[in-house]
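**Q** quick one: sequence plus predicted model below, questions after.
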Amino acid sequence: MTGSTPIGGFVASSQNLHGRTWAEVEEILGFNRGRFNDGGTVWRIAPGGPLEAFVNAPTPASFAALGMVIAGFNDERGRRDWSAMEKDARNNGYSVQSILRDRADYVRSAPMFDTSAAARALLLAEMVSMMACGATLVKLRPNRPHDPGREAVYQYPAGGGIREYFLVTPQLFVPWMNFGAGEAARQGRFLSQP
């Protein structure tokens with residue numbers, strides 16, 4: 001596979017996914033069950049780019065060029081789950097429609113870029129640790145597209161509690177591997193290396 005493409009938004013460390021079954025990866029990342037059934041592509045951040053520049057020289061300029069923040073955990077600590085919405089509906093008289101209309105309270109939004117020295121130091125520590133294990137940042141893009149007719153709370157259930165990062169500034173990613181239709185249903189393992 002060749003070619004690179006700019007990718008932004010939520011990304012994860014391959015270290016958290018290595019060796020899991022495809023079904024586990026689907027669940028860990030917070031995709032609706034079966035979303036990988038049509039296959040997809042695993043993208044990794046391009047080597048030699050802003051991530052490596054930041055790790056090698058963690059200046060405010062390299063941090064800004066990377067444009068990435070720690071997004072937190074992708075489970076109920078990061079967003080409220082459906083049972084919390086139902087409880088709100090019962091206790092406060094909200095309808096499901098009004099909760100979905102006000103879904104910003106329930107679905108995690110994109111974090112803002114924090115330029116503080118503390119945010120830079122924490123991100124540096126996590127990236128150095130990740131890269132020391134031979135891991136990298138990945139983005140999985142299933143072939144089955146996002147359904148604009150379904151609310152995010154249904155399409156993206158709470159994930160498995162892994163640490164995620166958010167690329168405010170899209171970075172170049174290269175295809176790492178394709179996975180075919182039906183691969184998620186088999187018990188094969190995700191990635192042969194971290």
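**A** Great, that's in hand.
**Q** quick check: the residue lying closest to R20 once chain neighbours are set aside vs L122, distance?
**A** In space, R20 comes closest to F190 once its chain neighbours are excluded; the distance is 5.0 Å by Cβ to Cβ, 6 or more residues apart in numbering. Every C-beta, even on glycine, is put in place using the N, C-alpha and C of the backbone. In this view, F190 and L122 are 27 Å apart by Cβ to Cβ, to the nearest Å.
**Q** T136 now?
**A** T136 sits 19 Å away from L122, going by Cβ to Cβ.
**Q** more crowded one of these two?
**A** Neighbour count, other Cβ atoms under 10 Å: between T136 and L122, T136 has more, with 21 against 14.
**Q** okay, now the nearest residue to that one once chain neighbours are set aside: neighbour count?
**A** Once flanking residues are discounted, T136 sits nearest to R44: 4.9 Å by Cβ to Cβ, 6+ apart. Residues within reach of R44, counting by other Cβ under 10 Å, total 19.
**Q** phi, psi of T5?
**A** Dihedral angles of T5 (phi, psi; degrees, to the nearest 10) stand at phi -150, psi 140.
**Q** for it, give me its contacts.
**A** Going by Cβ atoms under 8 Å, 6 or more residues apart in numbering, T5 touches W43, L172, F173.
**Q** in a markdown table, list these along with distance to W22.
**A** Formatted as a markdown table, the contacts of T5 follow (distance: Cβ to Cβ, whole Å):
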| residue | distance to W22 |
| --- | --- |
| W43 | 16 |
| L172 | 26 |
| F173 | 20 |
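**Q** the nearest residue to G67 once chain neighbours are set aside: helix or strand, and which one exactly?
**A** With sequence-adjacent residues excluded and distances taken as Cβ to Cβ, 6+ apart, G67 is closest to T169, at 2.5 Å. Using DSSP states H and E, T169 sits in strand 163-179.
**Q** for that strand, buried residues please.
**A** For strand 163-179, the neighbour count (16 or more other Cβ atoms under 10 Å) marks R163, E164, Y165, F166, L167, V168, Q171, L172, F173, V174, W176, F179 as buried.
**Q** what pairs with that strand, and is each one parallel or antiparallel?
**A** Sheet pairing for strand 163-179, assigned by DSSP bridges, gives strand 5-13 (antiparallel), strand 40-45 (antiparallel), strand 68-73 (antiparallel).
**Q** most tightly surrounded among these?
**A** strand 40-45 (a mean of 21; mean count of other Cβ atoms under 10 Å).
**Q** list of residues touching it?
**A** For strand 40-45, contacts defined as Cβ under 8 Å, 6+ apart pick out 5, 7, 11, 14, 51, 136-144, 171-179, 191.
**Q** please redo it, this time with the cut-off set to 10 Å
**A** If you take Cβ atoms under 10 Å, 6 or more residues apart in numbering as the criterion, strand 40-45 is touched by 1, 4-5, 7, 11, 14, 17, 22, 25, 31, 51-52, 66, 68, 135-144, 167, 171-181, 183-184, 190-191.
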